[in-house]
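Novice: quick one, structure for this:
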Amino acid sequence: MTLTAREVGVWARDYAFAARMHVRSTIDPSPPRPLGMPGARVHCVLIQGVVERWPFMEPLGRRLAAAGHAVHFVPELGRHLLPVREAAVLVGEAVDRVAAAHPHAQLVLVGHSKGGLSGKRLLIDRALEPELPQPVGLVALATPFAGSSRARLLRNAAIREFDPTDERLLALAAERSADLRIRVVLPDIDPHIPDNQIPEGIRGVRLRANGHFRPLATAEAGRAVLAAIDELTR
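Specialist: Residues are numbered from 1 along each chain as shown. Okay, here's the model as predicted:
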């Protein structure tokens, strides 16, 4: 695996942030509490990425709540090591709970990295069951919709699912029915997903900020996610 000097710096800062979040997740295993006002018009379900527990999403969640949205997490995912399809089932159960408690709210999925893949899977599957609660859309931050060339270098099965040649990933990419309800936010440089691109047919923006994890806590990424939520719920 070859890294440029700039990527090394991005990687170091990224891992410093991730290490802090992992330590926090270990020291404080308490379950999350919803953020924001229960009566908000938009309720966001935040989906963490692979090997991440729900606290990774909390900095972004606080920005969304400060903007007037209600925010919910999916702690049942643990470190999100399940295959995408199985993880989407747990996300669906979280959506059902939020919809039951707030039947008049608009529901938006916000996924980081693998969380975006699980979110897309849920949008597609839910469209086949119109009697179930339907999220209006998905905002995907740093999501490898086309996979990552570096995934094939790792033996972890949860990471290998991001191999660009993985049949599950290719099948999900080929399903385009939910694309109009997806918005993508990508870092300028993502050392975990080199050359990550906004998929054809999906609207998105690229940040000035770098890193795979750190954008979860930056004001720039927060603004981009909020703009995407506003567009989806307009």
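
Novice: remind me which residues of this protein are low pLDDT?
Specialist: The model of the chain has pLDDT under 70 over residues 1-4, 151-157.

Novice: and V71, which of the three is it?
Specialist: The three-state label given to V71 by DSSP: H, G, I helix; E, B strand; the rest coil is strand.

Novice: and for it, the neighbour number?
Specialist: When neighbours are defined as other C-beta atoms under 10 Å, V71 has 25 of them. Where C-beta positions appear, they are placed from N, C-alpha and C, glycine not excepted.

Novice: residues touching the residue nearest the centre of the chain, list them.
Specialist: Nearest to the mean C-alpha position of the chain, by C-alpha atoms, centre = their mean, lies G111 at 1.5 Å. Counting by C-beta atoms under 8 Å, 6 or more residues apart in numbering, G111 makes contact with L46, I47, G49, L117, S118, G119, L138, V139, A140, L141, T143.

Novice: in a strand, it, correct?
Specialist: Yes - counting by three-state DSSP, G111 is part of a strand.

Novice: circling back to that earlier point, keep only those of the contacts of G111 that are in strands.
Specialist: L46, I47, L138, V139, A140, L141 (DSSP state E).

Novice: pretty sure the last one is in contact with A221, am I right?
Specialist: Yes - in this structure L141 lies within contact range of A221 using C-beta atoms under 8 Å: 6.4 Å.

Novice: what's the overlap in contacts for these two?
Specialist: Common neighbours of L141 and A221 (C-beta under 8 Å, 6+ apart) are L60, V185, P215.
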